[in-house]
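*Asks:* build me a model:
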Amino acid sequence: MIIRIKNAVIVSSFLLKGRYIYIEDGKISKVTEDNLPFDEEIDAEGLYVSSGFIDIHTHGAGGFDYADGDKDAVRKAAYVSAKHGATTVYPTCTSSSSEDTVKFIENVKEAMAENAPGKPHIAGSHLEGPYFSRSMCGAQNPAYIKNPDRAEYEEFYKKGCGTLRRISFAPELSGSRELNSFLKEKGITSSFGHTDAVYEELKPLIDEGCTLATHLYSGMNQVTRRNLSRKLGAVDTSYLEDAVFVEVIADGIHLPKELLSLIYKIKGQRRMCLITDSMRGAGMPEGEYVLGRKDDGLLTVSDGSVAYLTDKSAYAGSVATCDRLLRVAVKEADIPLCSAVRMLTVNPARVMNLQYRGEIKEGYYADLVFFDEGINIKKVIIEGKELD
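*Replies:* Next up is the predicted model:
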């Protein structure tokens with residue numbers, strides 16, 4: 001069956017009008033002005049239509065955490081994110097015991113086996129920890145923070161059967177360079193975060209493929225002194241090194257709009273990825289929630305706009321959804337719509353080596369989001385089928 005979408009304002013490198021989008025077998029077959037045969041038609045009625053958003057850093061939503069301990073929680077959290085435009089997600093686990101981390105990886109793997117048209121596309125797991133700096137652990141549980149353990153992360157890789165897609169770690173730790181080499185060898189995205197590293201510690205790993213900064217500014221040092229000499233921290237190194245992509249929690253709270261504008265000015269539209277870093281409180285009323293497993297996580301509080309530890313010593317993930325990220329970037333930080341959409345589509349796909357997603361392009365999966373001027377989501381299509 002061939003589906004045709006008409007009257008869309010297609011969000012790509014620039015805004016396109018007067019084009020039809022043709023979908024066949026779950027993929028985009030044509031984007032053209034030509035009036036071709038079709039079986040079913042969707043009238044976009046002047047709405048913006050972009051490629052589906054890709055959230056590469058999310059811990060949960062809708063009352064569910066990806067580390068809750070079963071695959072149903074994985075799919076339910078992903079569904080809530082998809083309603084807000086995230087057609088593809090990378091479930092993320094905070095620092096946990098080795099046993100709980102393995103369980104998380106296996107649950108994500110099982111949930112991925114149920115990927116299908118009309119359902120959220122779960123693209124692989126992301127381990128945010130446990131190989132972090134204690135001084136920069138933030139809302140990470142310090143009980144599990146440690147140096148990289150090769151036997152452990154090899155076991156994580158083995159249990160994932162190819163579904164472990166990213167590990168975030170602190171490059172200054174003993175064993176981090178060996179971990180970075182392992183990730184490169186296995187085709188897994190390597191990213192630095194929750195780190196107190198300086199330029200001299202970061203640069204060798206960046207040159208060897210660690211080119212993603214985990215939630216820029218959050219859990220990262222800036223210019224510091226070492227033996228009376230000023231050294232670039234992780235934030236400054238991310239700016240200096242052109243190869244580095246930066247994740248940005250664009251909820252308008254973790255980073256104010258002026259800082260979002262500064263990051264855009266320095267890194268540009270090709271090296272920024274917008275992320276939610278959402279926890280289970282995303283899409284839920286304000287109240288108390290647990291970050292991580294319900295029986296072993298940290299109690300947090302959501303006021304409806306952000307989550308933080310009960311003593312307010314640190315933010316504990318966000319309660320943002322991808323449509324909110326886009327609204328903040330465009331409406332508050334004055335980032336052009338096409339550039340902001342790129343930060344939720346093309347860039348995340350590239351940094352995660354995700355094939356055939358992230359663009360409205362012939363041969364790519366028909367993951368599409370329809371939204372209005374206020375960036376309110378009106379329709380979500382995944383692999384050619386409307387979200388179930």
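
*Asks:* so Lys186 makes contact with Gly160?
*Replies:* No - using CB atoms under 8 Å, Lys186 is not in contact with Gly160, being 9.7 Å away. From N, CA and C alone the C-beta is placed, and that goes for glycine too.

*Asks:* so which of the two has more stuff around it?
*Replies:* Gly160 (22 against 15; other CB atoms under 10 Å).

*Asks:* let's verify the residue lying closest to the more buried one once chain neighbours are set aside: helix, strand, or coil?
*Replies:* The shortest distance from Gly160 to any non-neighbouring residue, by CB to CB, 6 or more residues apart in numbering, is to Ile105 (4.8 Å). Using DSSP: H, G, I helix; E, B strand; the rest coil, the secondary structure recorded for Ile105 is helix.

*Asks:* which neighbouring elements make contact with the lowest-mean-pLDDT helix or strand in the chain?
*Replies:* With mean pLDDT, DSSP states H and E as the measure, the helix or strand of the chain carrying the lowest mean pLDDT is strand 298-302 (a mean of 76). With contacts taken as 3 or more CB pairs under 8 Å, 6 or more residues apart in numbering; DSSP states H and E, strand 298-302 sits against strand 287-291, strand 307-309.

*Asks:* give me whichever of those strands is most buried.
*Replies:* Here the criterion is mean neighbour count by mean count of other CB atoms under 10 Å, and of those the winner is strand 307-309, at a mean of 20.

*Asks:* on that earlier part again, what residues are up against the residue nearest to Gly160?
*Replies:* With contacts defined as CB atoms under 8 Å, 6 or more residues apart in numbering, Ile105 is in contact with Cys93, Ser125, Leu127, Phe156, Lys159, Gly160, Thr163, Leu164.

*Asks:* can you tell me which of the residues you listed are in strands?
*Replies:* Cys93, Ser125, Leu127, Leu164 (DSSP state E).

*Asks:* who wins for neighbours among these?
*Replies:* Ser125 (29 neighbours).

*Asks:* quick one: it and Val89 touch, right?
*Replies:* No - in this structure, Ser125 is not within contact of Val89 by CB under 8 Å, at 10.4 Å.

*Asks:* about what we covered before: among the ones in strands among the contacts of Ile105, which one lies nearest to Gly317?
*Replies:* For Gly317, the closest of the ones in strands among the contacts of Ile105 turns out to be Cys93, at 12.1 Å, with distances computed as CB to CB.

*Asks:* so what's that closest one bridging to?
*Replies:* Here Cys93 shows beta-bridge partners Leu127, assigned using DSSP bridges.

*Asks:* what do you get for Ala86?
*Replies:* Phe53.

*Asks:* now do Ile28
*Replies:* When bridges are assigned using DSSP bridges, the partners listed for Ile28 are Ile23.

*Asks:* isn't it up against Ile21?
*Replies:* Yes - with contact defined as CB under 8 Å, Ile28 reaches Ile21; the gap is 6.3 Å.

*Asks:* tell me, what's touching those two both at once?
*Replies:* Taking CB under 8 Å, 6+ apart as the contact rule, Ile28 and Ile21 both touch Ile360, Ala366.

*Asks:* need the helices for the stretch 101-250 of the chain, in chain order.
*Replies:* Assigned helices in the stretch 101-250 of the chain, in chain order: 150-160, 176-186, 199-207, 234-240 (criterion: DSSP state H, counting those that start in this stretch).

*Asks:* can I get those helices in a markdown table with distance to Ser339 and mean pLDDT?
*Replies:* Formatted as a markdown table, the helices of the stretch 101-250 of the chain follow (distance: least, CB to CB, whole Å; pLDDT from 0 to 100):
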| stretch | distance to Ser339 | mean pLDDT |
| --- | --- | --- |
| helix 150-160 | 33 | 98 |
| helix 176-186 | 29 | 98 |
| helix 199-207 | 24 | 98 |
| helix 234-240 | 18 | 98 |
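
*Asks:* just send those back as CSV, with distance to Phe64 too.
*Replies:* Shown next, in CSV, are those (distance: least, CB to CB, whole Å):
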stretch, distance to Phe64
helix 150-160, 21
helix 176-186, 28
helix 199-207, 34
helix 234-240, 31
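
*Asks:* most neighbours per residue, which of those?
*Replies:* Ranked by mean neighbour count, with mean count of other CB under 10 Å as the criterion, those are topped by helix 234-240 at a mean of 22.

*Asks:* just the strands in the stretch 251-388 of the chain please.
*Replies:* For the stretch 251-388 of the chain, the strands defined by DSSP state E, counting those that start in this stretch cover 272-275, 287-291, 298-302, 307-309, 368-371, 377-382, 385-386.

*Asks:* the second one pairs with which strands?
*Replies:* To tie it back to what came earlier, the one meant is strand 287-291. Within its sheet, strand 287-291 is paired with strand 298-302 (antiparallel), according to DSSP bridges.

*Asks:* buried ones in the partner strand?
*Replies:* Leu298, Thr300, Val301, Ser302 (16 or more other CB atoms under 10 Å).

*Asks:* ok, and what's touching that strand?
*Replies:* The contact list for strand 298-302 (CB under 8 Å, 6+ apart) reads 139, 141, 279, 281, 284, 286-292, 307-310, 316-317, 319.

*Asks:* what's the answer for stretch 344-353, then?
*Replies:* With CB under 8 Å, 6+ apart as the test, stretch 344-353 has contacts from 50-56, 85, 90, 123-124, 165-166, 187, 189, 211-212, 245, 269-274, 322, 325-326, 354-355, 357-359.

*Asks:* sweet, I'm off.
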